[in-house]
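Asker: make a model of this:
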Amino acid sequence: MKYKFKISQTYKFKVWSNIFFLIPLILSIAGSLYWYSTVIGLMLVLSLNYHYYNEAKYYYRDCVVSILLMGSNFLLLINGNWMQPYSLIALSNAFVALYFYYRQYKKGYNFNHGMWHFFSAIVCYFSILTFLN
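Answerer: Okay, the predicted model is just below:
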């Protein structure tokens, strides 16, 4: 299957906001959390495909991997013994991320979904720090 390069898609925040997940990906590799690196890497690939190509076939895969990532973050927080202040920062950013997630259905899907990516990446980052410290 060949894909045509869509230049108009590259300017959409929901597409390029996935780059924020590279920071927790690098941190998880450096911290030898390879299972978590796999989850983030899989999420990156599926999310980029879903948002860039607007392919409905990636929708459920994107949702499943996003839920898996949320569960993985929760496991990191639990196994990190809710180390403060990192766990508190992760949880507060999770609520902000959820705000933008539900706001995307009311107005500004492109911007709000990009903010969902941004704050979700922050949650991943601080979940990893909770576990590693």
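Asker: so how far is stretch 83-92 from its chain's centroid?
Answerer: Here stretch 83-92 shows a centroid-to-chain-centroid distance of 17 Å under the convention CA atoms, centre = their mean, to the nearest Å.
Asker: for stretch 34-54, same thing?
Answerer: Distance, centroid of stretch 34-54 to centroid of chain: 8 Å (CA atoms, centre = their mean).
Asker: now do the buried residues in it.
Answerer: Going by neighbour count (16 or more other CB atoms under 10 Å), the buried part of stretch 34-54 is 36-37, 39-41, 43-44, 46-52. Every residue, glycine included, has its C-beta placed from N, CA and C.
Asker: same question, stretch 16-28
Answerer: Buried, per 16+ other CB under 10 Å, within stretch 16-28: 16-18, 20-21, 24-25, 27-28.
Asker: now distance to residue 133, secondary structure and pLDDT too, for those, in CSV please.
Answerer: Formatted as CSV, the entries for the buried residues of stretch 16-28 read as follows, by distance: CB to CB, whole Å; DSSP: H, G, I helix; E, B strand; the rest coil; pLDDT from 0 to 100:
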residue, distance to residue 133, secondary structure, pLDDT
16, 30, helix, 80
17, 27, helix, 85
18, 26, helix, 86
20, 21, helix, 93
21, 21, helix, 94
24, 15, helix, 96
25, 19, helix, 96
27, 12, helix, 95
28, 14, helix, 95
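Asker: thinking again about what came up before, out of the buried residues of stretch 34-54, who's nearest residue 111?
Answerer: Ranking the buried residues of stretch 34-54 by separation from residue 111, with CB to CB as the measure, puts residue 51 on top at 13.0 Å.
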